[in-house]
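K.L.:
please work out how this folds:
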Amino acid sequence: MTSPTHREECSAAALYVGIELGLREWFLALSPGPAAGRLRVRVRPGDRAAVVEAITRATARFGLPAAAPVRSCYEAGRDGFWPHRFLATLGVNNLVVDSSSIEVPRRRRRAKTDRIDGEKLLQLLLRHWGGERNMWQVVHVPSPAAEDARHASRSLTTLQRERTRCRNRIHSLLALHGVRLRVDAQLPARLVAARDWAGAPVPPGVQARGLETWRVWQAVETERRARRTAEQQQVRTASTPALAMAQRLTRLQGIAARSATVLAEELFSRNLRNRRQVGALSGLVSAPYRSGTLQHDQGLAGSGLPAVRRIAVEIAWAWVRFQPQSALTQWYQARFGSGGAVARRIGIVALARRVLIALWRYATTGLLPEGAVLKA
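P.N.:
Numbering: from 1, shown residues only. This next block holds a predicted model:
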C-alpha cells in the first residue's frame with residue numbers, strides 16, 4: 001500500500017543515505033533515487049568533516065543542487081540517539097528505525113555485511129519516502145531532557161535486580177551445605193554460628209565468599225533505599241510532566257510510586273495517540289496465526305518494553321485486590337475468577353492490558369476508571 005504523504009517530497013531532488021553504525025566506523029550508502037548509482041563511504045563515528053565531505057561528493061557526483069535536502073536512516077541500537085542529534089546539526093533529516101521491524105530473507109543462513117545492511121537501509125529509505133506505509137517502524141526520538149530523566153527510574157530497577165542477584169547467590173552458597181539464613185544486616189553473626197546438615201560449622205571458603213557477596217548486597221541495598229526515597233520525594237513534588245502523571249496515578253488504590261514512575265516515564269510520556277499504541281508498546285497484544293484452515297493464537301507478541309510489561313502484570317494483580325468494585329475487576333472475576341490457576345494467570349494478562357489503557361487515559365486526561373477508588 002502506498003500513501004501520498006511523501007510523494008511530493010520524494011519527487012523533488014534529494015540525497016538519501018543509509019547508515020550502518022559500527023563501533024569503529026560508519027558505512028554510508030548514498031544515492032539520489034532507486035534507479036541511480038550508489039556512492040559508498042566509510043567514516044569514523046561522529047567525524048563531522050568526513051560526513052560533510054561524503055555528502056558534498058555525492059551531491060556533486062549525482063548532479064544534485066547544492067541545497068538539495070539530505071535524508072538518512074539508521075537502526076536503533078547501542079549508540080542510542082546521539083547519531084540522530086549529530087546528523088540533525090548537519091541539517092540531515094534522519095529517521096531512527098526499529099531493527100526488529102526490518103524485513104529480512106527467511107533463509108536459514110544469509111549473508112550479512114556492512115555493505116549489504118547499508119544498501120538495505122538505503123532501499124527501505126527510498127521506499128519510505130516514496131510513500132510506502134507499514135514497511136518498518138520508526139522510533140520516536142525523545143528530547144535530551146526526557147531521555148535523561150528516565151535514568152533515575154532505570155537505575156532503581158537495576159539496583160533491585162542486583163539486590164535480588166546477590167541475595168540468590170548467598171542462598172545458593174548456603175544451600176550447598178543444607179543451610180538457610182535470612183539475608184539482612186545480621187547475616188555475618190548468623191553465618192558464624194550456623195551449622196550445616198551434619199552439625200559442623202559452615203566451611204571457611206563458603207563463609208568468605210558469602211560475606212563478600214553480602215558486602216556487595218549491603219552496598220546495593222543502601223543505594224536502593226536512597227534511590228527509592230528520592231523517587232518518592234520526586235513524585236510528591238511533581239517537577240516534570242511525567243512525574244505529574246505519576247503523582248496522579250499514585251492517588252489510585254493499589255498504585256505505588258515505583259509502578260507509577262515506571263509507567264509515566266517509560267510509557268505515558270511518549271505522546272501516544274490511542275489505546276492500540278499503548279498495547280503495542282507494552283507488548284500485551286496477541287499474535288494471531290491465520291493461514292487457510294489453520295487458525296490459532298501464538299500468544300503475546302513479546303515486543304515493546306519489558307519493564308512496562310512486568311509492571312503491568314504486577315499492577316493487574318494489585319488491582320484485583322485493592323479495586324474489587326471496579327468494572328475491570330468485575331470483568332476479570334466474571335470471565336476468569338471461577339477458573340483454575342492457569343485460567344486466572346491467562347486472564348490477568350488480559351486484565352493487565354485493559355488496566356494499562358485505563359491508567360493511560362486517567363494519567364493523560366483525568367478520566368477515572370469506572371468504579372475505581374482513590375486513596376483517602
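
K.L.:
domain assignment for the protein?
P.N.:
Following automatic domain parsing, the chain resolves into domains at 7-129, 145-237, 245-290+297-365.

K.L.:
which other residues reach stretch 142-154?
P.N.:
Residues outside stretch 142-154 that contact it (C-beta atoms under 8 Å, 6 or more residues apart in numbering): 80-81, 85, 227, 230-231, 234, 240, 242, 261-262, 265-266, 269-270, 307. Where you see a C-beta, it was placed from the backbone N, CA and C, and this is true even at glycine.

K.L.:
repeat the analysis, applying 10 Å as the threshold.
P.N.:
80-82, 85, 141, 158, 227, 230-231, 234, 239-243, 246, 258, 261-266, 269-271, 307 (C-beta atoms under 10 Å, 6 or more residues apart in numbering).

K.L.:
give me the nearest residue to the spatially most central residue of the chain, chain neighbours excluded.
P.N.:
Central residue of the chain (C-alpha atoms, centre = their mean): residue 305, 3.6 Å from the mean position. Excluding the flanking residues, the one nearest residue 305 by C-beta to C-beta, 6 or more residues apart in numbering is residue 266, at 5.7 Å.

K.L.:
what does residue 155 give?
P.N.:
Nearest residue to residue 155, sequence neighbours excluded (C-beta to C-beta, 6+ apart): residue 227, at 6.2 Å.

K.L.:
what do you get for residue 281?
P.N.:
Of all residues not flanking residue 281 in the chain, residue 304 sits nearest, at 4.8 Å (C-beta to C-beta, 6+ apart).

K.L.:
can you pull out the strands in the stretch 251-376 of the chain?
P.N.:
286-291, 294-300 (DSSP state E, counting those that start in this stretch).

K.L.:
which residues in the stretch 201-350 of the chain form helices?
P.N.:
204-237, 241-249, 257-266, 275-282, 306-322, 327-332, 341-365 (DSSP state H, counting those that start in this stretch).

K.L.:
pretty sure the residue nearest to residue 281 contacts residue 272?
P.N.:
No - contact criterion C-beta atoms under 10 Å: residue 304 and residue 272 do not qualify, at 11.7 Å.

K.L.:
ok, the nearest residue to residue 279 once chain neighbours are set aside - contacts?
P.N.:
In space, residue 279 comes closest to residue 285 once its chain neighbours are excluded; the distance is 4.8 Å by C-beta to C-beta, 6+ apart. Residues near residue 285 by C-beta under 10 Å, 6+ apart: 276, 278, 279, 300, 301, 302, 303, 304, 353.

K.L.:
what about residue 285, distance to residue 328?
P.N.:
17 Å (C-beta to C-beta, to the nearest Å).

K.L.:
with residue 240 instead?
P.N.:
In terms of C-beta to C-beta, residue 240 sits 28 Å off from residue 328.

K.L.:
neighbour-wise, which of these two wins?
P.N.:
The residue with more neighbours, out of residue 240 and residue 328, is residue 328; 20 against 16, by other C-beta atoms under 10 Å.

K.L.:
show me where pLDDT drops low in the chain?
P.N.:
In the predicted model of the chain, residues 1-12 satisfy pLDDT under 70.

K.L.:
switch to 50 and redo it
P.N.:
1-5, 7 (pLDDT under 50).

K.L.:
the stretch 51-200 of the chain: helices as residue ranges?
P.N.:
Applying DSSP H, counting those that start in this stretch to the stretch 51-200 of the chain gives helices spanning 82-89, 114-129, 144-175, 187-193.

K.L.:
what's around residue 307, how many residues?
P.N.:
17.

K.L.:
is it true that it touches residue 313?
P.N.:
No - using C-beta under 10 Å, residue 307 makes no contact with residue 313, being 11.4 Å away.

K.L.:
joint contacts of those two?
P.N.:
The contact sets of residue 307 and residue 313 overlap at residue 282 (C-beta under 10 Å, 6+ apart).

K.L.:
what sits against the nearest residue to residue 86 once chain neighbours are set aside?
P.N.:
Take residue 86 and drop its neighbours on the chain: the residue closest to it by C-beta to C-beta, 6+ apart is residue 46, 6.0 Å away. Counting by C-beta under 10 Å, 6+ apart, residue 46 touches 26, 79, 82, 83, 86.

K.L.:
what subset of these is buried?
P.N.:
Buried subset of these (neighbour count, 16 or more other C-beta atoms under 10 Å): 26, 79, 83, 86.

K.L.:
with adjacent residues omitted, what lies nearest to residue 368?
P.N.:
Nearest non-adjacent residue to residue 368, counting by C-beta to C-beta, 6+ apart: residue 362, 5.9 Å away.

K.L.:
ranking the helices of the stretch 201-350 of the chain by burial, who's on top?
P.N.:
helix 257-266 (a mean of 24; mean count of other C-beta atoms under 10 Å).

K.L.:
how many neighbours does residue 25 have?
P.N.:
For residue 25, the count of nearby residues is 16 (other C-beta under 10 Å).

K.L.:
how close does it get to residue 118?
P.N.:
For residue 25, the distance to residue 118 - C-beta to C-beta - is 11 Å.

K.L.:
where do the contact lists of these two overlap?
P.N.:
By C-beta under 10 Å, 6+ apart, the residues touching both residue 25 and residue 118 are 41, 42.
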